[in-house]
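A.B. asks: The amino acid sequence is not available; the structure is as follows:
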């Protein structure tokens, strides 16, 4: 029996924007009243802890009020026919809520907290509000399980190890301008096709793989792309998986 075709889906803020979730690039979104240096750096957490915790409480509350959109559900649907791994720059849990089984969060997860002393001591948070003085099991103050600007991206090596095994890559809702995440497209084998779903003009100057740019928002472009891939590849796989060999 032949293995299923492996698809790696690399997502950015544009996927969640279609659910109404603000991104830091939105002029009128949640980030509009904050400077990144005030709420998303290790220094901000150290010197103005209350403001940082309050900011992520607001983001968490906003997340709980929103739902996954058609783009998230389309990605999850791919698992019916393909071997799928999702690598996301997003800190929301929309992919999981839509049904995706394997998701790597490069920049952390909004629905989790971690020890300020031990980054491996991670716990879920119920609801949206983190108390200012909440502590981890090791006695250290809890902090959002978010990769702040200036911090290492601990899941990057794991993600970079997955991408070379892809037979096809879908890139959606990202400007390809945030590093090191954006460099994942360069981990692909050179013959592997990339489908880029984005209404704008992401930075594709260094991409040498076969590239198809679908100029649509993820909630519109992804469902259509999934149908296209199913028709193009899944039928072939079904036929090959149905073959049997008799040895005598």
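C.D. replies: Thanks, I have it. Note that the coordinates shown come from a computational prediction; the quantities given were computed from them, not determined experimentally. Numbers count the residues shown, from 1 in each chain.

A.B. asks: got a list of contacts for stretch 128-135?
C.D. replies: 49-50, 53, 56-57, 60-61, 63-64, 113, 141-142, 144 (Cβ atoms under 8 Å, 6 or more residues apart in numbering). In this view, the C-beta of every residue, glycine as well, is placed from N, C-alpha and C.

A.B. asks: ok, now with 6 Å
C.D. replies: Under the criterion Cβ atoms under 6 Å, 6 or more residues apart in numbering, residues 50, 53, 57, 60, 61, 64, 141, 142 lie in contact with stretch 128-135.

A.B. asks: And stretch 173-193, by the same measure?
C.D. replies: Here stretch 173-193 makes contact (Cβ under 6 Å, 6+ apart) with 10-12, 14-15, 89, 106, 153, 156, 159-160, 163-164, 166, 168-169, 202-203, 207, 209-210, 218.

A.B. asks: Out of the residues you listed, which sit inside helices?
C.D. replies: Counted as lying in helices by DSSP state H, out of these, are 14, 15, 156, 159, 160, 218.

A.B. asks: Name the nearest residue to the spatially most central residue of the chain, ignoring sequence neighbours.
C.D. replies: With distances taken as Cα atoms, centre = their mean, the chain has residue 88 as the residue nearest its mean C-alpha position (1.5 Å). Spatial nearest neighbour of residue 88, excluding adjacent residues (Cβ to Cβ, 6 or more residues apart in numbering): residue 11 at 4.5 Å.

A.B. asks: Test my guess that the one you found contacts residue 85.
C.D. replies: No: counting by Cβ atoms under 6 Å, residue 11 does not reach residue 85; the two are 11.4 Å apart.

A.B. asks: Neighbour count: the two, which is higher?
C.D. replies: Taking neighbours as other Cβ atoms under 10 Å, residue 11 and residue 85 compare with residue 11 leading, 27 against 21.

A.B. asks: mind listing what the more buried one touches?
C.D. replies: Residues in contact with residue 11 (Cβ under 6 Å, 6+ apart) are 88, 172, 173.

A.B. asks: do you know how far it is from residue 104?
C.D. replies: Using Cβ to Cβ, to the nearest Å, residue 11 is found at 11 Å from residue 104.

A.B. asks: okay, and the common contacts of these two?
C.D. replies: Counting by Cβ under 6 Å, 6+ apart, nothing touches both residue 11 and residue 104.

A.B. asks: Would you mind listing the outside residues contacting the biggest helix by length in the chain?
C.D. replies: Using DSSP H to assign secondary structure, the helix with the most residues in the chain is helix 49-64. Residues outside helix 49-64 that contact it (Cβ under 6 Å, 6+ apart): 39, 44, 45, 92, 110, 128, 129, 130, 132, 144.
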